[in-house]
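S.K.: need a structure here:
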Amino acid sequence: MLTAEPTAPALRTERFRAGLSETDPQRADDRTSDWLQAVNVGFHDPAWKPEQAASLVEAYLADGRMLTGVYDGAAPEYAWNPKAPVATYATMSNDLNAGGTLLPAHQITSVTVRPTHRRRGILTSMISGDLQRAKEDGFAVAALLASEAVIYGRFGFGAATVETNVEIDARGRLELKTPPSGSTVLAEPARMEELAPEIFRRHLRVTRGALGRQAGYAKRAAGLWGDLPEIQQDVRAAVHYDDAGTPDGYVTYRFLPWETEPHTLKVLDLVAVDDTARLELWRYLGSIDLVEKITASGPLADPLPWALADRRRYQITGVEDTLWLRALDPAAMLRARGFESDGELVLGVADPLGLAQGRWLLQVSGGSTVLTELGEELPQGLPVVEADAAAFASLYLGGVPASVLAAAGGIRGTAVALTALGRLFDVARAPYCSTHF
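M.R.: Below you'll find the model as predicted:
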């Protein structure tokens, strides 16, 4: 598929699928190779080797990614690779756990604009056109991970989940207060390419904020990929089995070079269906010999420090926003959301881009949601609030309290209305997304 859209004089936009060379299927075709090179330039990464690019093409096709490149036909004589795009953009789709049902999310990634071509409206053209297409295609929500926070807020994206970076003092092994449950074994790496996605699908179904994963995750779990799409000899994996003998969690990790002081084990990925499996995987990690420190990322609402006999072994070294959302159809988003409290109020969304503008009567009772679109006339006697599109996105999963967003100016209403909104959108446990894309 290829379409062209004008963005500025001498610039053209192309949308296409990644492809392999017709003459050498072990290499990416020229257009895909040029696009990948441009992404590497944008993120300061080294160029892919031909065999690495071919592996990426296969994964991108499995993901269903659509690639976008903006090309400058007036590149001067000494410009770097005039066939490479001066801006890149890619999309795919996976399911988002909204707390009630799984909601297909339009994912945006690989966004770059070369510094020589900024302030020409290229990013605005790419993202606004893409969001409009996504809405027309029936997506209720768009998602991305923001490399720069300032950029995406002006397009209506809001940070919706956070992830913690932690360090665990593992000297003398970790002692957990919880009784052992099930069993944990060192896994056969080759089997993880099949098993890891199965466990993640179960995790996705029960974890608010979780987002389906792209094909590369299974390859990383099996040690077939790392930061580069090539075999990682030092990656290990362990799998936890519940009392019935069913795998319900896995962890992948590597031991950092011996010269690293203190001797450190780095957790690459830890996925569990429930807290029991998560803690048992940590029990396993904490029992590995010759390890003095463990580094990992994890949920804000992590039971581990409370399960440790000495919780001071657990230190949060950083908290980073992870998933950013953008409403395209707030009504569909609200119908998919799981609410943990009852209530009714009028909720409006203000959107300068006009993609998510509207006002609805939201009624929740006993886990059932009724949503009614409203015009200018509002029902009497009910709380009324209005949220900017970015604030609504941050509120949606329950990761940011309504009171905080109101204090920041993103939500407006009376004190009574804001209290009602907070009560309705509060969740017992902060949403968690461990998918990076």
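S.K.: could I get the full set of helices for this structure?
M.R.: Using DSSP state H, the helices of the chain run over residues 30-42, 50-63, 122-136, 149-153, 189-206, 216-221, 275-285, 304-307, 330-336, 389-396, 402-407, 415-425.
S.K.: wait, what's in contact with G99?
M.R.: Contacts were defined as Cβ atoms under 8 Å, 6 or more residues apart in numbering; by that measure G99 touches R208, R337, G338, F339, L397, G398, V427, P431. Any C-beta I mention is one placed from the backbone N, CA and C, and that applies to glycine too.
S.K.: of these, closest to W324?
M.R.: Distance to W324 across the contacts of G99 (Cβ to Cβ) is lowest for L397, with 11.2 Å.
S.K.: nearest spatial neighbour of the closest one, skipping sequence neighbours?
M.R.: Nearest residue to L397 in three dimensions, chain neighbours excluded: P431, at 4.0 Å (Cβ to Cβ, 6 or more residues apart in numbering).
S.K.: could you do V113 as well?
M.R.: Nearest non-adjacent residue to V113 (Cβ to Cβ, 6+ apart): A87, at 4.4 Å.
S.K.: over to R311?
M.R.: Nearest to R311 is P305, by Cβ to Cβ, 6+ apart, at 4.4 Å.
S.K.: could you do Y253 as well?
M.R.: Of all residues not flanking Y253 in the chain, V267 sits nearest, at 5.0 Å (Cβ to Cβ, 6+ apart).
S.K.: pLDDT, neighbour count and distance to G156 added to the contacts of G99, as CSV?
M.R.: Below are the contacts of G99 laid out as CSV (pLDDT from 0 to 100; neighbours: other Cβ atoms under 10 Å; distance: Cβ to Cβ, whole Å):
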residue, pLDDT, neighbour count, distance to G156
R208, 98, 23, 22
R337, 98, 21, 18
G338, 97, 16, 23
F339, 98, 21, 23
L397, 98, 26, 16
G398, 98, 26, 19
V427, 98, 18, 22
P431, 98, 26, 19
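S.K.: averaged pLDDT, stretch 105-115. What do you get?
M.R.: Stretch 105-115 shows a mean pLDDT of 98 in the predicted model.
S.K.: distance between that stretch and the chain's centre?
M.R.: 13 Å (Cα atoms, centre = their mean, to the nearest Å).
S.K.: same question for stretch 249-258.
M.R.: The answer for stretch 249-258 is 22 Å, by Cα atoms, centre = their mean.
S.K.: then stretch 238-254?
M.R.: Counting by Cα atoms, centre = their mean, stretch 238-254 comes out at 23 Å from the chain centroid.
S.K.: residue ranges in the stretch 1-150 of the chain under the pLDDT threshold?
M.R.: Along the stretch 1-150 of the chain, segments meeting pLDDT under 70 span 1-9.
S.K.: D426 is in contact with G398, isn't it?
M.R.: Yes. With contacts counted by Cβ atoms under 8 Å, D426 reaches G398, the gap being 6.3 Å.
S.K.: so what sits opposite the closest residue in space to L334 that isn't next to it in sequence in the bridge?
M.R.: Spatial nearest neighbour of L334, excluding adjacent residues (Cβ to Cβ, 6+ apart): L371 at 5.5 Å. For L371, the residues forming beta bridges with it (DSSP bridges) are L362.
S.K.: residue contacts, L371?
M.R.: L371 neighbours (Cβ under 8 Å, 6+ apart): A331, L334, R335, W360, L361, L362, Q363.
S.K.: quick one: which of those residues is most hemmed in?
M.R.: L362 (24 neighbours; other Cβ atoms under 10 Å).
S.K.: about what we covered before: pretty sure the residue nearest to L397 contacts G399?
M.R.: Yes. Between P431 and G399 there is a contact under Cβ under 8 Å: 4.9 Å.
S.K.: and for those two, which residues touch both?
M.R.: With Cβ under 8 Å, 6+ apart, P431 and G399 have common neighbours A160, T161, G209.
S.K.: isn't the first one right up against A327?
M.R.: No. The pair A160 and A327 does not pass the contact test of Cβ under 8 Å, sitting 10.6 Å apart.
S.K.: next, show the common contact partners of those two.
M.R.: Both A160 and A327 are contacted by A393, Y396, under the criterion Cβ under 8 Å, 6+ apart.
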